[in-house]
Every structure is written in C-alpha cells, then in structure tokens.
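Participant: With the input below, show me the fold.
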Amino acid sequence: MAKVITVHQTGGPEVLTLEERELAAPGPGQVALRQTAIGLNFIDTYQRSGLYPMQTPFIAGNEGAGVIIAVGPGVEGLKVGERVAYQGLSGAYASERLAPAERLVALPEGIDERLAAAVLLKGLTAYYLLFKTWAVEKGQTILWHAAAGGTGQIATQWARALGATVIGTAGSAKKLALAKANGCHHVINYREEDFAARVRELTDGRGVDVVYDGVGKATFEGSLDSLRPRGLMVSFGNASGVVSIPDLVILSKKGSLYLTRPTGVHYFARREDLLEGAAALFAAIKGGAITVNIDRTFPLERAADAHRALEQRETAGSVLLLP
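Facilitator: Reported below is the predicted structural model:
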C-alpha cells in the first residue's frame, strides 16, 4: 500500500490527510515510481489553501524523485530500476505513484535523488527566469527578493556565474548572511530598510535591469520603484499575497516598465524544453556554479508541519519530505 497525503477540502496545513492507497498498474505511457524524496514548494501551499484552485480531493505536491518499479505499454527510453525526477506534476506527496513518462527526467551520475527532489522545480524555475523570461547577461544588475529561499539561493548563484551583479533581499540577519554566501553581491533587509531606496543607492540612481519577485503583494510597489526605465518586473509568486494592478498607467509613470507573470507550465510544456532546462541545471550543479542547500527534511506524514515551517518563513533553502 502506498502512503499519500490527500487534500479533501482546501484550508490550512491541517487539511493535509495521511491515507493509504493501492497503487494501480501503470497504463499506456505511464511508469510506477517508488519515491525516495519529495520536494516542498510554495505552489504546494497555494494549491492546499485554494489560492490556486484544484479539484478536490487531490494528492498534494508537485516535485519528487525515485526509482522506476514498473513500466506501462508504449514507454520508451525508461526502464525498471532507473532513477528519475519530475517537477510541475501534481500528486507528489506519496511513497509510490504513477507518472507520465514524458514528464520524467532521468538522473545522470552525480545527481542523487534527494538532490534532484530539492532542486528540479526550483532550479528549472531559476532556469526559465534567468535564461528565457529575461536572458541575463554579463554586466547587468538584477534584484532578487527572498534571496535566501530555496529558489533564491539557486538563482542568485547562477546569475552571478552568468556575470550579473546580484542584489538580494531577505528578512533577517541570518538570511542576509545566507544570501551573501550564495551569490549576492549586495543584500538588503527588507524589514528594516526601504529596499527601493537602497537599490537606487547601489546603482547610482539608475535602478536594476530586472526584478525577480516571488514575494508578491508586500514587495510589488517597491519592486517597480527599483527598476531602470524600460526595465522588466518579473512577478512569479505570491508568498505575501496576490498582486493586483488597478491602473496600468503606473507602468508608464514609473519608466515605461515591462511586467510579466510567467509560469513553468508554459515554459516546459514541450518535453524538449524540459530536457534542455534539466540538462543546463545539472551541468551547472556538476560544474560548481550552483550548490544546493537542503535546509530541512520531514517525514512524509509530517507534511502539515513542513507547510507551517515554509509559510512562517522558518526555512532557508530547500525542504524535503521523506516517504
């Protein structure tokens, strides 16, 4: 029997319910996985709370890694015993699961399953943001909010390796030190400083080329004020609440700014794009440009505690659930 964490109705962490289910045989194009590590991400909390609507009941989670234990008809290129990982695929909070083969990434030598579960969703998010949403180049300056978080640590290291000047924000002295150790040239405590004013000081009044903001409502206005004219505001998360813009004229007033709200669903809709991103990510890790920090692990049955820790900003790096 597989252990799963199910959401029967949306709400707080307490709605995450441990259950047991029989795993069916894989159908056409599917494989069965014995999962060894599951990644925790903010999108999991958005789906659990109802911010991102899901049809209930559903098994929580969107990222994991493990070993193939059975292969369905028509699957090519994957075999029993092979180590694989995935991201952006709901139903991850489970000891065993079925998954579409086309959404799986085979793990190369040197990338273990815990590392893969800790990095694939966050790392591919960093990849599309830094290479596709805005192609970061040497000599550019970026601002990354929540730089000590799991995605932030990966992205700021990668951006620095690309030659960018990286400014990061965080909310405590401990997290500022962590951000500085993971790629940021400059760090700002957004709880104690006017980060937009500080960004202007650091850029001699110019502003940054691009802001990457996964925090949302609390940082949005300041993010716009941190941009140079015709700079890009990338809003990719809602950790502090959903952003709304009642008047688009604000973008012209603040410098003919650009604004986008990207998601990996669209950047990795094609398998070839998924494999391209994963290959770039694994190469950056193996080449030393990115070091992944696994901050905490929780047993699968303590998924609610893991959600509380994430939402209360108690984590600094990637968090794993272990079946």
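Participant: going forward, measure contacts between C-alpha atoms and count neighbours the same way
Facilitator: Fine.
Participant: Can you show me the strands along the stretch 101-250 of the chain?
Facilitator: 105-106, 141-144, 165-170, 186-189, 208-213, 227-235 (DSSP state E, counting those that start in this stretch).
Participant: What mean pLDDT does the first one get?
Facilitator: Looking back up the chat, that one is strand 105-106. Taken as a whole, strand 105-106 carries a mean pLDDT of 97.
Participant: Partner strands of it, with direction?
Facilitator: Strand 105-106 pairs in its sheet with strand 83-87 (antiparallel), by DSSP bridges.
Participant: now do the fifth one
Facilitator: Strand 208-213 has the following strand partners under DSSP bridges: strand 141-144 (parallel), strand 227-235 (parallel).
Participant: So which of the strands of the stretch 101-250 of the chain is nearest residue 97?
Facilitator: Shortest distance between residue 97 and those, using CA to CA, is found for strand 105-106: 15.5 Å.
Participant: Look up the closest residue to residue 294, ignoring the ones flanking it.
Facilitator: For residue 294, the nearest residue in space outside its immediate sequence neighbours is residue 318; the separation is 4.7 Å by CA to CA, 6 or more residues apart in numbering.
Participant: An error on my part: the question was meant for residue 150.
Facilitator: Spatial nearest neighbour of residue 150, chain neighbours left out: residue 317 (3.9 Å); criterion: CA to CA, 6+ apart.
Participant: quick one: contacts for the one you found?
Facilitator: The contact partners of residue 317, taken as CA atoms under 8 Å, 6 or more residues apart in numbering, are 148, 149, 150, 151, 153, 292, 293, 294, 295, 296.
Participant: helix/strand/coil for residue 259?
Facilitator: On the three-state scheme (DSSP: H, G, I helix; E, B strand; the rest coil), residue 259 is labelled strand.
Participant: which residues does it form a beta bridge with?
Facilitator: Residues found in beta-bridge contact with residue 259 (criterion: DSSP bridges) are residue 233.
Participant: looking at the sheet around the spatially closest residue to residue 113 that is not a sequence neighbour, what are its partners?
Facilitator: Excluding the flanking residues, the one nearest residue 113 by CA to CA, 6+ apart is residue 65, at 5.4 Å. Using DSSP bridges, the bridge partners assigned to residue 65 are residue 37, residue 85.
Participant: Run a quick neighbour tally on residue 65.
Facilitator: Taking other CA atoms under 10 Å as the criterion, the count of residues near residue 65 is 30.
Participant: where does it land on pLDDT?
Facilitator: pLDDT, the model's per-residue confidence, is 98 for residue 65.
Participant: ok, it to residue 36 distance?
Facilitator: Counting by CA to CA, to the nearest Å, the gap from residue 65 to residue 36 is 6 Å.
Participant: same deal with residue 255?
Facilitator: 48 Å.
Participant: One more: residue 245?
Facilitator: Separation of residue 245 from residue 36 (CA to CA) stands at 42 Å.
Participant: Those two: who's more crowded?
Facilitator: Using other CA under 10 Å, the more surrounded residue of residue 245 and residue 36 is residue 36, with 19 against 10.
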